[in-house]
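Student: model the structure of this input:
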Amino acid sequence: MKARIFGACIAIIILASLISRRGYEPETKGRTPQKVEEDNLIFSEPPPDPVLSDTMLAGYAGENTSAAEDLEMIAHFIDSVFLLVKQRNTADYSTNEDLVLFLQGSNSHRLPFLAKVGPALNSKGQLVDRWNSPLITHPVSQKVLELRSAGPDKTPYTRDDLLWPVH
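Tutor: Model (predicted):
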């Protein structure tokens, strides 16, 4: 009988000990856990979502391409976007700046196809050629957009200009 009472007392003590420790977090290796202030945490920025220009304009204005290939590359990129965005108006891309806005998400799909930063853009956000001159856009029709590079002399409408489509 004494053994049963003694066993019951031990069980009650263990049970009471477990209940009283509920929610208690032990110290780790003699250190007291410190409250972390979320305002002081530094997280790296997540990478931006990939856009079509990341792949289609890879190598633009690089050492391994010519100026004519650059213009062709950007023309194919724009044509690809036009295949995806059927609802458009030539007013959406009548100037270089309008075209950039269209490519960066101001289109009927509200999707960006052109990254905010890249070799095809200058600091003003304009599409540029390899000489950092803004491309001149001329919507010929709903389906045809003419692109002009000012060429190495950086002066538009001179002999060294490059055109797409080629005339």
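
Student: tell me where the chain has helices.
Tutor: Under the criterion DSSP state H, the chain contains helices at 2-20, 52-56, 67-84, 96-103.

Student: against which helices or strands is the shortest one packed?
Tutor: Judged by 3 or more Cβ pairs under 8 Å, 6 or more residues apart in numbering; DSSP states H and E, helix 52-56 is in contact with helix 67-84. In this view, the C-beta of every residue, glycine as well, is placed from N, C-alpha and C.

Student: chain center to the helix it packs on, what's the gap?
Tutor: With Cα atoms, centre = their mean, to the nearest Å as the basis, helix 67-84 stands 19 Å off its chain's centre.

Student: show me what counts as buried in it.
Tutor: 67, 70, 71, 72, 73, 74, 75, 77, 78, 81, 82 (16 or more other Cβ atoms under 10 Å).

Student: equivalent analysis for stretch 159-167, please.
Tutor: Applying a neighbour-count criterion of 16+ other Cβ under 10 Å, one finds 161, 162, 164 buried in stretch 159-167.

Student: so where is the protein shaky, pLDDT-wise?
Tutor: 1-3, 6-9, 11, 15-41, 43, 47-48 (pLDDT under 70).
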